[in-house]
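# 3D model of this:
(one chain, ligands or ions: 2)
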Amino acid sequence: MSVFNYKNGVLNAENVSLAALAEQHGTPLYVYSRAAFEQHFTAYTDALGEWPSLVCFAVKSNSNIGVLSALARIGAGFDIVSEGELERVLAAGGEPSRIVFSGVGKQAREMQRALNVGVYCFNVESEAELERLSEVASAMGKTASVSLRVNPDVDAQTHPYISTGLKDNKFGIDINDAARIYQKAASLPGIVIKGVDCHIGSQLTEISPFLDALDRVLELVDDLAAREIRIEHLDLGGGLGVKYRDENPASPAEYIAAIKERLGDRTFKLIFEPGRSVSANAGVFLTRVEYLKLNDHKNFAIIDGAMNDLIRPALYSAWQAIVPVNETSEEPVRAYDLVGPVCETGDFLGKNRDLAIKQGDLLAVMSAGAYGFVMASNYNSRGRPAEIMVDGEQAYVVRERESIASLFSNESCLPK
Ligand SMILES: Cc1ncc(COP(=O)(O)O)c(C=O)c1O
Ligand SMILES: N[C@@H](CCCC[NH3+])C(=O)O
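Ligands and ions are numbered 1, 2, ... in the order given. Predicted structure coming up:
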């Protein structure tokens, strides 16, 4: 059940009016729901039940520390891909022993920091990275727990830009080469083998690609066992899709039931790294109509939100629902392209949307909690929006709007 509902004709987040939030904090504005984050996260932990497991929220999908603190307080682990994400998790009160460190380009400094705080596991994505990690850990007199992220070469049946498990993708180690590299890992100083990791892509709406990947991972695990290399955990990554429009993705419960069934009597600890399925439908993006531009062949609604705030439509032609915050309107319904003030033809949040709107109306772009603010930029010297977390009747500013001064406070004019 969505936490974003109309009450007395106005769209609310939990029990807070989005119209009131826009009035108070201005637009464009990101608004999140704590209850939605918690519900979506516990869908995973409830489905796992007593099974040994760790659910690591993919910080890249929404890294606001207000969000991370809410998840840390319900026992979440975190999947990080940079030192910056690591520091965010720590600042939010996340437990280092519940962090997995993914990413193809880990630098020595990032490895050192992660080893110092004691992250749970490094998901190693290449042989060269394994060698570097061994050197870094040994020099510190520490041991790094690792899983190799294997690339199983399965088609995730998703947008090519967010598919990661094909052999043409930069991610992970070719599964056909993995046994050799595991053997090498077993002999390297400063390394202890913990698991196998695999993440095949994002916004997957079918379970079958996950099961195909799992089958390939299990073949590898058997091969490793024959080489006396024992695995404690399987990290199956993130990637479960959400409903943006008419998709019908599996629920976390259905997905996990299918994984457990496929595992049969194997009792590996399971790690998941969900991002979008926790965060997307826990947030909306509010934007106001600045001008209407009516033409014979096309109508534009020029809004104050733009591609720099929410880039998914421009980048992937992604479709996200756009609804009026006030449910009723006297205006005629027209088809509009919703375009921002940025000087790019690709600056749109929606195309050909039927809306009954006038200048000054407030719109909500739905499913904006994942890969929204985190991908925002300052293009056209636009300050990034504020972020609000709603909790019941309360609303907290979890990130202030960027001021104009802050846009260039760390730049300098040339000396005279
Ligand atoms: C290694 C890794 N884990 C987890 C995720 C989170 O994916 P999603 O947001 O689709 O659940 C990603 C992003 O695709 C990823 O690259
Ligand atoms: N940014 C992408 C998802 C990338 C997944 C990261 N590995 C999106 O908005 O759909």
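
# Say whether ligand 1 is contacted by the worst-scoring helix or strand of the chain on mean pLDDT.
Using mean pLDDT, DSSP states H and E, the weakest-scoring helix or strand in the chain turns out to be strand 173-174, at a mean of 94. No. Using Cβ under 6 Å from any ligand atom, strand 173-174 never reaches ligand 1; the gap is at least 13.2 Å. Any C-beta I mention is one placed from the backbone N, CA and C, and that applies to glycine too.

# following that strand, which helix or strand comes up?
Using DSSP states H and E, the next helix or strand after strand 173-174 towards the C-terminus is helix 175-187.

# which outside residues touch that next one?
124, 127, 130, 146, 148, 150-153, 173, 191, 193, 196, 216-217, 220, 223-224, 227, 229 (Cβ atoms under 8 Å, 6 or more residues apart in numbering).

# The stretch 1-150 of the chain: strands as residue ranges?
Here the stretch 1-150 of the chain has its strands, by DSSP state E, counting those that start in this stretch, at 4-7, 10-13, 16-17, 29-33, 53-58, 77-80, 99-101, 121-124, 144-151.

# So for the second one, mean pLDDT?
Same thing as strand 10-13. Strand 10-13 shows a mean pLDDT of 98.

# Kindly report the same for the fifth one.
The predicted model gives strand 53-58 an average pLDDT of 98.

# Please apply the same query to the shortest one.
Taken as a whole, strand 16-17 carries a mean pLDDT of 98.

# which residues sit against that strand?
Applying Cβ under 8 Å, 6+ apart, the set of residues contacting strand 16-17 from outside is 7, 10, 11, 390, 393, 394, 395.

# That strand: partners in the sheet, and parallel or antiparallel?
Sheet pairing of strand 16-17 (DSSP bridges) gives strand 10-13 (antiparallel).

# Report the buried residues of the lengthiest helix in the chain.
Using DSSP state H to define each element, the chain has its longest helix at helix 208-226. Judged by neighbour count (16 or more other Cβ atoms under 10 Å), helix 208-226 contains these buried residues: 209, 210, 211, 212, 213, 214, 216, 217, 218, 220, 221, 224.

# Could you double-check that residue 64 sits in contact with residue 386?
No. With contact defined as Cβ atoms under 8 Å, residue 64 does not count as touching residue 386 (10.6 Å).

# So these two - more neighbours on which side?
Taking neighbours as other Cβ atoms under 10 Å, residue 64 and residue 386 compare with residue 64 leading, 23 against 20.

# need the contact list for the more buried one.
The contact partners of residue 64, taken as Cβ under 8 Å, 6+ apart, are 32, 373, 387, 389, 398, 399.

# for the stretch 301-416 of the chain, what spans make up the strands?
322-324, 334-339, 348-355, 362-365, 386-391, 394-399.

# returning to what we had before: make a markdown table out of the contacts of strand 16-17 and add neighbour count and distance to ligand 2.
Output for the contacts of strand 16-17, formatted as a markdown table (neighbours: other Cβ atoms under 10 Å; distance: Cβ to the nearest ligand atom, whole Å):
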| residue | neighbour count | distance to ligand 2 |
| --- | --- | --- |
| 7 | 11 | 30 |
| 10 | 17 | 28 |
| 11 | 23 | 23 |
| 390 | 25 | 23 |
| 393 | 8 | 31 |
| 394 | 11 | 29 |
| 395 | 22 | 25 |
